[in-house]
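# This is a predicted model, with the sequence first.
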Amino acid sequence: MKKYLSLIIVLFSLAINAQDTHYSQFFNSPLTLNPALTGLTKGSVRLGAIYRNQWFSGINSPSSTSFFNSPYQTPSFFVDAPIHLRRDAIGIGGLFLYDRAGAGSFGTFQGMISASYIKSMGRRDNHQLSAGIQVGYTQLRLNQNDLKWANQYNGANQFDGNTASNVSLQPNVGYVNFNAGLLYYGKFSERFSMYLGGAFYNAATMKYNLEANSTKRNLYYRYNFQAGLDIGFGKFHLLPSGLFMQQAKADQLNTGLGFGFDFTETTNMTIGLYNRANNITNKDGQSESIIPYAGFEVNGFKLAASYDVTLSRRKEVGKGVGALEISLMYIIMPKALNIKKIMYCPRF
């Protein structure tokens, strides 16, 4: 049964390869969330990394027994910065991402560069309207030697590697990415602010196919909408947020509430609880995970962790079918503090 499970998971990964990578901590990965967030930071430079490890103890193969060798991993790194103009700013940034699925059988490498224009509005420049674009390249790599196909199992449910699969796949496929986004942020008072944005991905309509000698197909479009509030009560903050995204017939809704506390102007903590539901627009919709979250920030350095507690039928596979995410972020503040060069921006 475990062999059939591994087979199903690998095939499932190949079937949905057109769907883009995403994180539970979407608010801590701004350049994968929306290109318009490029450079939208209070500092002079923002650096970040996030690591997702999924199903690390539920379906490990004999060759994948350690935590850092689990079959589903997604690390990424980004850097961005604002270039200040008289009132507005231009954001520039870069993103590198690797997604591994199926015990190393299927890997996605992605490199992106981002740019945005951040327009300040209002008498105190306390409203921002940002438009951003991303251009990059994605390469899909497939190790066909690790794949097991249904016709390679005999009647006793034993795998026979000498049996030909009669399936021909391409080991490397690449295509160009083009993404665009728009985001509004407003600080209405010291106690209330909000952000609202949306992004459109894979606008270049590239064609590809992992199956050799087959007609290439369009890369599916993806779009998302995100929103959040920051409601302050002295040193306390209520931080509701949500993200909806759809690609082809698959969709996902992330909602939740964070509770923030400011120890000082440069030190704060946030804890929260989030929910992810899949396919909410069709009859197969279900709540997939509950996600507890905790983050701590001091002097521009932020460390956060979350864990996806699986609620869907996938939990029947066994223990450890959730996902652990760890994110690191560091915002470098300018040496000479100039209030005209400190932008209002969302607190995530």
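Received the coordinates, thanks. Numbering: from 1, shown residues only.
# mind checking the SS state of Thr32?
Put simply, Thr32 is helix when judged by DSSP: H, G, I helix; E, B strand; the rest coil.
# Next, the contact list for it, please.
Counting by C-beta atoms under 8 Å, 6 or more residues apart in numbering, Thr32 touches 21-23, 26, 76, 78, 95, 97. (Each C-beta comes from the backbone N, C-alpha and C, glycine too.)
# Ile290 now?
Neighbouring residues of Ile290 by C-beta under 8 Å, 6+ apart: 273-275, 308-309, 311.
# And whatever helix or strand Ile290 lives in, what's buried?
Using DSSP states H and E, Ile290 maps to strand 286-298. Buried residues in strand 286-298, counting neighbours by 16 or more other C-beta atoms under 10 Å, are found at 288-291, 293, 295, 297.
# Show the subsequent helix or strand relative to it.
Once strand 286-298 ends, the next helix or strand along the chain (criterion: DSSP H and E) is strand 301-310.
# For that next one, give me every contacting residue.
In this structure, residues lying in contact with strand 301-310 by C-beta under 8 Å, 6+ apart are 24-25, 28, 54, 270, 274, 276, 288-297, 321-331.
# Direction included, what does the following helix or strand past it pair up with?
Remark: after strand 301-310, the chain's next helix or strand is strand 323-332, criterion DSSP H and E. Counting by DSSP bridges, the strands paired with strand 323-332 are strand 45-54 (antiparallel), strand 301-310 (antiparallel).
# who's in contact with strand 323-332?
23-25, 28-29, 41-56, 72, 289, 295, 300-308.
# tell me the mean pLDDT over that strand?
Across strand 323-332, the average pLDDT comes to 94.
# how big is the angle separating it from strand 286-298?
Strand 323-332 and strand 286-298 are oriented at 30 degrees to each other (axes from the mean of the first three to the mean of the last three C-alpha atoms, to 10 degrees).
# Run the chain-centre distance for strand 323-332.
12 Å (C-alpha atoms, centre = their mean, to the nearest Å).
# Buried residues, it. List them.
By 16+ other C-beta under 10 Å, the buried positions in strand 323-332 come out as 323-327, 329-331.
# Between the contacts of Ile290, which sits nearest Gly181?
The nearest member of these to Gly181, counting by C-beta to C-beta, is Tyr274 at 21.5 Å.
# Do I have it right that that closest one meets Thr255?
Yes - at 6.8 Å, Tyr274 and Thr255 qualify as touching, with contact defined as C-beta atoms under 8 Å.
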